[in-house]
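Asker: Please find the sequence and the predicted model below.
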Amino acid sequence: MAEMLQLLTDKMDKTKVDVNQNVNQIRVDMNQKMNDMDQKICSLYQNLLKTTSDKMKQQIEPIQHQIKGIEDCLQRLEQTGTGGFDASPLSVAPIRACSTERNLPAIEQSSKAKIKVPTFDGEIPWELYKSQFEVAAHLNGWNEELKAGNLIVSLRGAAQQLLFNIANEDKWNYQKLIEVLEQQFGQTHLVPIKRRELKYHCQARGENLQVFASEVLKLARQAYPGATLATIEQTALEAFVDGIFNFKVQSQV
């Protein structure tokens, strides 16, 4: 009887060990599959970004052509301007000719530029850039149409691509331009976009870990602008670890 109990006990212990080994193996397999799935999602996300970027590049040329036209107009206005408005036909004619060539509204006022406005690509806070632009526009004495023209030629990158969403007749409407830019880059609208980018941002194949960490920290600051430094750093650390491409490296961090 004692021997039978001992045999049953030994079998139960062996079964328990086998079950634990199987459970551990299943966990390892599941972790590997989850890591493979994460890598596939990261790869799909990166491919989607590249495809979108390529399509946008193909569409940029007509926008650049329009911007070149506006730059030509602004240059003619600056060359014709004398610090104030001269209503003589000689001073108005070049402005009207410029507007006719590019299908742009005629501008009846010009002044020589004193302050050059910086460019805007959506990377710096929109509110900061808008304040700088308004100061430059005030010092230069620009009217609403000149403000609109100079704002358009200052746009770069993602901000420049927003011109696709603006009708030609609105491109000289300063308030309309401000409205569109604020919707895309204003603090209220930027936060949810940056949080999504931070959540799904993955290390690209071959990307240096330091570069990846710097990009993640930048996104964390943009995603949580009102948070404390400790909260931002903790959020960035979690996103950094989750986004590391190599599973072995990720498990060691």
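Answerer: Everything's here; your move. Model, not experiment: these values are computed from the prediction.
Asker: distance of residue 117 from residue 143?
Answerer: The gap separating residue 117 from residue 143 is 15 Å, by CB to CB, to the nearest Å. Using the backbone N, CA and C atoms, a C-beta is placed for each residue, glycine as well.
Asker: Quick check: chain neighbours aside, which residue is closest to residue 125?
Answerer: residue 187 (7.1 Å; CB to CB, 6 or more residues apart in numbering).
Asker: what's the answer for residue 130, then?
Answerer: Closest to residue 130 by CB to CB, 6+ apart is residue 178, at 7.3 Å.
Asker: Sticking with that neighbour, tell me its helix or strand.
Answerer: Assessed by DSSP states H and E, residue 178 sits inside helix 174-185.
Asker: And that helix, what does it pack against?
Answerer: helix 126-140, helix 144-154, helix 157-161, helix 187-200 (3 or more CB pairs under 8 Å, 6 or more residues apart in numbering; DSSP states H and E).
Asker: That one to helix 126-140, inter-axis angle?
Answerer: 160 degrees (axes from the mean of the first three to the mean of the last three CA atoms, to 10 degrees).
Asker: Would you mind pulling the contact partners of helix 174-185?
Answerer: Residues outside helix 174-185 that contact it (CB atoms under 8 Å, 6 or more residues apart in numbering) are 120, 122, 126, 130, 144-145, 147-148, 151-152, 158-159, 162, 165-166, 170-171, 189-190.
Asker: Buried among the residues you listed? Make that a PyMOL selection.
Answerer: Here is the PyMOL command that selects only those of the contacts of helix 174-185 that count as buried (16 or more other CB atoms under 10 Å):
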select buried, resi 120+122+126+130+145+147+148+151+152+159+162+166+171+190
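Asker: looking at the chain, which helix or strand does the model trust least?
Answerer: helix 89-101 (a mean of 39; mean pLDDT, DSSP states H and E).
Asker: one step back: rank the helices and strands packed on helix 174-185 by pLDDT, which is bottom?
Answerer: Note on the helices and strands packed on helix 174-185: lowest mean pLDDT is at helix 187-200, with a mean of 83.
Asker: Please save the CA atoms from that one in PDB.
Answerer: These are the backbone C-alpha positions of helix 187-200, laid out as PDB (Å, rounded to 0.1, in the frame of the first residue of the first chain):
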ATOM      1  CA  GLN A 187      -1.700  72.900 -29.100                       C
ATOM      2  CA  THR A 188      -5.200  71.500 -28.700                       C
ATOM      3  CA  HIS A 189      -5.100  69.600 -32.000                       C
ATOM      4  CA  LEU A 190      -1.500  68.500 -31.800                       C
ATOM      5  CA  VAL A 191      -1.600  66.600 -28.500                       C
ATOM      6  CA  PRO A 192      -3.800  63.600 -29.600                       C
ATOM      7  CA  ILE A 193      -1.800  63.300 -32.800                       C
ATOM      8  CA  LYS A 194       1.500  63.200 -31.000                       C
ATOM      9  CA  ARG A 195       0.200  60.800 -28.500                       C
ATOM     10  CA  ARG A 196      -0.800  58.400 -31.200                       C
ATOM     11  CA  GLU A 197       2.600  58.800 -32.900                       C
ATOM     12  CA  LEU A 198       4.300  58.100 -29.600                       C
ATOM     13  CA  LYS A 199       2.200  55.000 -29.000                       C
ATOM     14  CA  TYR A 200       3.000  53.400 -32.300                       C
END
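Asker: what comes into contact with that helix?
Answerer: So helix 187-200 is contacted by 41-42, 45, 125-127, 182-184, 216, 219-220, 222-225, 235, 239 (CB under 8 Å, 6+ apart).
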